[in-house]
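Enquirer: Provide a 3D model corresponding to the input given below.
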Amino acid sequence: MSKFADIRIDPAIVKRAARGDAKAHEIIYRAFSSPVYSVCLRFTRVPAQAEDLLQDTFMEVIRSVSGFRGEAPLGMWIRRIAISKALMFLRSAWHSRGQSLDDDWEEMTFESRGMPTCSARQDQAMDLEVALANLPEVSRTVVWLHDVEGFTHKEIADFMGKTESFSKSQLSRAYQRLRPMLDAEIERIDAKAGMQDSVLGSC
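Expert: Got it, this is the predicted structure:
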C-alpha cells in the first residue's frame, strides 16, 4: 500500500485547513504531494500528466476539506481523491481513443512484448513496475488497485464505474496472462543460478 497512512497531520492543522487557512493548506500539500504524485504517475506513466493530476487532487482537497469528518485518516482520504482523479483521467483517455474498458484487455504495446514479468502476488525478486508494464491499462489498473493499494473489488468497481464481476475478471485474466511469463522468468533465473553453481564448483 502507498505511504499515505504513515503520514500524520495534527488535527488542529486539519481544522485550520477546513476554515480556509492557506498555511495549513501548504502544510498538508507538502506532507502528501510526494505520495500523491507517485500514485498518479503509476497510473499515467507520464510525469507531466502526473503533475497535472497532483494539482487537480489538491484543488479538490482544498475545496472539500471542510467536509472531512475524520472517519478515516486524512492520508487515506487524500489517497482516494488522487486515485479517483487518476481514473477519471484514464477513462477520458480511453474514451478519446474510442476504446471501451472491456476492449482494453487485447491492447499490448510493442515496448512491453517479451519483457519479464510477475504476478503482484508472487514473492519473486522481479520488478513490479516491469511486470505491470506488460498489461494493458485497464488490467494494470485493476491489479495495482487490488494487489498493491489493497482496494476491494467493490471499491474498484465504484472507482471505474463497472461491476464487481468486471474487476474480478480483469484480475483473473491478468494473472492468466502473467503466469506463463512468470514461469519462464523463474526458469531463466534457476538456469542462471545453476550455471553459477557449476562455475563455483569447478573452482
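
Enquirer: Who are the contact partners of residue 47?
Expert: Counting by C-beta atoms under 8 Å, 6 or more residues apart in numbering, residue 47 makes contact with residue 41. Bear in mind the C-beta positions are built from the backbone N, C-alpha and C, glycine included.

Enquirer: Tell me the spacing between it and residue 92.
Expert: Counting by C-beta to C-beta, to the nearest Å, the separation of residue 47 from residue 92 is 18 Å.

Enquirer: Can you name the element that comes right after the helix or strand of the chain with the lowest mean pLDDT?
Expert: Least confident helix or strand, the chain: helix 128-133 with a mean of 66, by mean pLDDT, DSSP states H and E. Per DSSP states H and E, the first helix or strand lying C-terminal to helix 128-133 is helix 137-143.

Enquirer: Toward the C-terminus from that following helix, list the very next helix or strand.
Expert: helix 153-160.

Enquirer: quick one: average confidence on that next one?
Expert: For helix 153-160, mean pLDDT is 89.

Enquirer: Please name every helix or strand in contact with that helix.
Expert: helix 74-96, helix 137-143, helix 164-201 (3 or more C-beta pairs under 8 Å, 6 or more residues apart in numbering; DSSP states H and E).

Enquirer: Comparing those by mean pLDDT, which bottoms out?
Expert: helix 164-201 (a mean of 72).
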